[in-house]
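>>> with the input below, show me the fold.
(2 chains)
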Amino acid sequence: MSTYNFDYLEELEAEAIHILREVAGQFEKPALLFSGGKDSITLVRLAEKAFRPGKFPFPLVHIDTGHNFQETIDYRDKMVDRIGERLIIGSVQESIDQGKVVEQKGKNASRNALQTVTLLDTIAKYEFDACIGGARRDEEKARAKERIFSVRDEFGSWDPKRQRPELWNIYNGKIHKGENVRVFPISNWTELDVWNYIRREKIELPSIYFSHEREVITRNGQLMAASPFLNMDDEDLVFKKQVRFRTVGDMSCTAAVESEATLIDDIISEIGASKISERGARLDDKVSEAAMEDRKKGGYF
Amino acid sequence: MNILKFFTAGSVDDGKSTLIGRLLYDTDSILADQLEALQSSNRKNDDGTIDLAILTDGLRAEREQGITIDVAYKYFQTDKRKFIIADTPGHIQYTRNMVTGASTANLAIILVDARNGVVEQTIRHSYLVSLLGIKHIVVCINKMDMVDYGEDIYTTIIDRYKVLAQQLKLVDVNYIPVSALKGDNIVQNSERMDWYKGESLLHFLEKVDTDNLDKSQLARMPVQWVIRPQTEELHDYRGYAGRVLSGTFNLNDKVTVLPSGASSTIEKIEFFDQTPDAAHAGQSVTIHLKDDVDISRGDTIVNAAALPQESKLIEADLCWMDGRALDTSMMYLIQHNSKVTKCKISEILHKVDINTLEKHAADEFKLNDIGRVTIKTADALAFDLYDDNRANGSAILIDSRTNLTVGALMFRAAVE
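Okay, the predicted model is just below:
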């Protein structure tokens, strides 16, 4: 009998497709959280592999902070057009206008934390029972313990002590009304795996992932894109740098890294040699050692 | 390059987290900012070096208590292999976490403290490894630095372990003397133990072939989802989407669909834009059949020449995972691959004292209890025995009041 030798990317891909199909089979109203970042772009490709030539059994949902890189929004609209799937936008600006959240003040103000309220409102409005996200366990140590099917209560909270055991490849998606499940199909992928997959699949990405010249300032030792969304004063010196972004988040909290990498191959060798982890370029994790754990308990992605 | 999934068993004091931290550290899998966080943390070893265990202690409660209470997954990669580690707690009160971590692993690392040798928990961990059907085992005799790297001590311990391995019918057992704290025989062979002629732990993990014992040849694919675009040009398209659990499906293979028993032939195998001639274990594909059979989620497509067992009465090993004890009068849900049906635990045959391996009669099943039960299901399940086919021989129990996963089941026999 033949035994087939799996390449590790094929194995990760097959596992993710299995998880996506479990979502389709187990939930009434799932959604795929799409940020325009490389991880959720990877999810879209995986969903194509799981469900084509059929339609996706879920819409894409973008929680729009209003402080996005324009390149991300352009990419999103073009992609949605190409795949012909439904896009739902949850607007943080609307949450602010409705008085549900208050814009942060001060130099480190960011809309990143405000997204949680908009996300929970969007989940409630459309009655989503499962939200597929692109989080990975290698990103952060609280995430290293999160299940692939991660149950949230009606407040969106994650309780690390009450996680269901997740055995073999069996995913228990049973929930009570009002609860929902966050599903992470690429839990077992590392940043490098995602990049290698993008290269193998020849997936197009938003241009900000690649080296470009940009006006930046230095904030807390990191390079931030100068933008109207960043609270700047006279002390902030704007200068030009050749940079790229390793994650795509809110402009006010996503730091750039100096880079000459213009091709995926350059990025992959850069990551191989890199001495700063991906989330290291996110100011939002730096507040305390337990920052991510606290935000997840509060309903964050 | 492929993936090796392994899990580590050992208690707080065996230096398990240090071992994993050491593997990550010595393979350059710790990035600068994580290292910075480590160095600024106030937990240090006695000699002032970084406490590598912090790398795997994820949750705040764990940091406060200095113990590992859940399963943490860690990733690293060498130029030979990608590794996924399930780091599980070793204390008896976390048996369910260990069972969870072990369920997806192909290899287990069992840590033995060189000062203490084979102790009660070594027996317990080894039992769980055999229960969960992990065929490949590395027994790491750790803390060799505390016993002057003495060969005699090592030999005495492995002689004792060999007796246990035989008793538990463990298949492929390997022994390595290490010091996770000092890095001996973890990545590099240790000069302080020149009497040890084997490989370092990492080199062993890089080359061990787990497929040879783990792959079942029985072709099985549970249907997860039926793809029916129902568009004009794809009006008659009907694809059965699923992941091949085990074995291989080839074009033109005769297959049977369970539970209906309908038979057909594989007409086409699709994978996105490809149409391969075969679908192998582990692959997520879409299968088309020649005949128009009624198939929905929860059905299983199997090779017609090697049918699984079908029964509503099954003997299984059960690990209970919930704070609320098993209620034999209650109806539970059983999830076996994509199939969910009602069930009852109709009989507790015995419970196992996992420290001594003694079996005894029991009328209750509480958190972390393990033993043999008889399950009665509403719909018949199409399953294989766990020892023959892990993927199709396992299931979970769900309490429909709480929706929690309350039990792990390993099928041992169909009851006639």
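>>> list the contacts of residue A:83.
Residue A:83 is in contact with A:44, A:48, A:56, counting by C-beta atoms under 8 Å, 6 or more residues apart in numbering or on different chains. C-betas here are computed from N, CA, C, even on glycine.
>>> need phi/psi at it.
When read as degrees, to the nearest 10, the backbone of residue A:83 gives phi -90, psi -10.
>>> what helix or strand is residue A:120 located in?
Using DSSP states H and E, residue A:120 falls within helix A:115-126.
>>> now do the buried residues in that helix.
Neighbour-count burial for helix A:115-126 flags A:115-123 (criterion: 16 or more other C-beta atoms under 10 Å in any protein chain shown).
>>> TSV please, covering those and showing distance to residue A:80 and pLDDT.
Formatted as TSV, the buried residues of helix A:115-126 follow (distance: C-beta to C-beta, whole Å; pLDDT from 0 to 100):
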residue	distance to residue A:80	pLDDT
A:115	20	80
A:116	24	83
A:117	24	83
A:118	19	87
A:119	19	88
A:120	23	88
A:121	21	88
A:122	17	91
A:123	20	90
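>>> could these be laid out in CSV, adding distance to chain B?
Below are those laid out as CSV (distance: C-beta to the nearest C-beta, whole Å):
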residue, distance to chain B
A:115, 23
A:116, 19
A:117, 23
A:118, 26
A:119, 22
A:120, 20
A:121, 24
A:122, 23
A:123, 18
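>>> columns distance to residue B:310 on top of the residues you listed, output as a markdown table?
Formatted as a markdown table, these follow (distance: C-beta to C-beta, whole Å):
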| residue | distance to residue B:310 |
| --- | --- |
| A:115 | 49 |
| A:116 | 48 |
| A:117 | 50 |
| A:118 | 49 |
| A:119 | 44 |
| A:120 | 45 |
| A:121 | 48 |
| A:122 | 44 |
| A:123 | 40 |
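>>> what's the closest of the contacts of residue A:83 to residue B:268?
Distance to residue B:268 across those (C-beta to C-beta) is lowest for residue A:48, with 18.5 Å.
>>> weed out the non-buried ones from the contacts of residue A:83.
Buried among those (16+ other C-beta under 10 Å): A:44, A:48, A:56.
>>> in a strand, that's where the first one is, yeah?
So the one you mean is residue A:44. No. Residue A:44 sits outside any strand when classified using DSSP: H, G, I helix; E, B strand; the rest coil, being helix.
>>> circling back: who touches the helix holding residue A:120?
A:29, A:31, A:33, A:61, A:63, A:65, A:88, A:90-92, A:94-95, A:100-101, A:128, A:131, A:155-156, A:180, A:250, A:295, A:298-301.
>>> quick one: name whatever helix or strand follows it.
Following helix A:115-126 in sequence, per DSSP H and E, is strand A:130-132.
>>> which other helices and strands contact that next one?
Applying 3 or more C-beta pairs under 8 Å, 6 or more residues apart in numbering or on different chains; DSSP states H and E, we find strand A:130-132 packed against helix A:8-26, strand A:30-33, strand A:180-183.
>>> wait, which of the ones you listed is closest to residue B:252?
Using C-beta to C-beta as the measure, helix A:8-26 is the one of the helices and strands packed on strand A:130-132 that comes nearest residue B:252, at 23.0 Å.
>>> if you count contacts, what does the closest one end up packed against?
Contact partners of helix A:8-26 among helices and strands, from 3+ C-beta pairs under 8 Å, 6+ apart: helix A:38-51, strand A:130-132, helix A:191-201, strand B:2-9, strand B:225-227, strand B:239-243, strand B:284-289.
>>> the stretch 151-300 of chain B: helices as residue ranges?
B:151-167, B:201-207, B:211-214 (DSSP state H, counting those that start in this stretch).
>>> and the chain, what are its domain boundaries?
Went with chain A since none was named. Chain A breaks down into these domains under automatic domain parsing: A:8-193+A:290-297, A:208-284.
>>> right idea, wrong chain: chain B
Following automatic domain parsing, one finds the domains of chain B at B:2-214, B:220-303, B:309-414.
>>> for the stretch 201-301 of chain A, what spans make up the strands?
A:212-219, A:222-225, A:239-245, A:255-258 (DSSP state E, counting those that start in this stretch).
>>> please identify the buried residues of the longest one?
This means strand A:212-219. By neighbour count on 16+ other C-beta under 10 Å, the buried set for strand A:212-219 is A:212, A:214, A:216-217, A:219.
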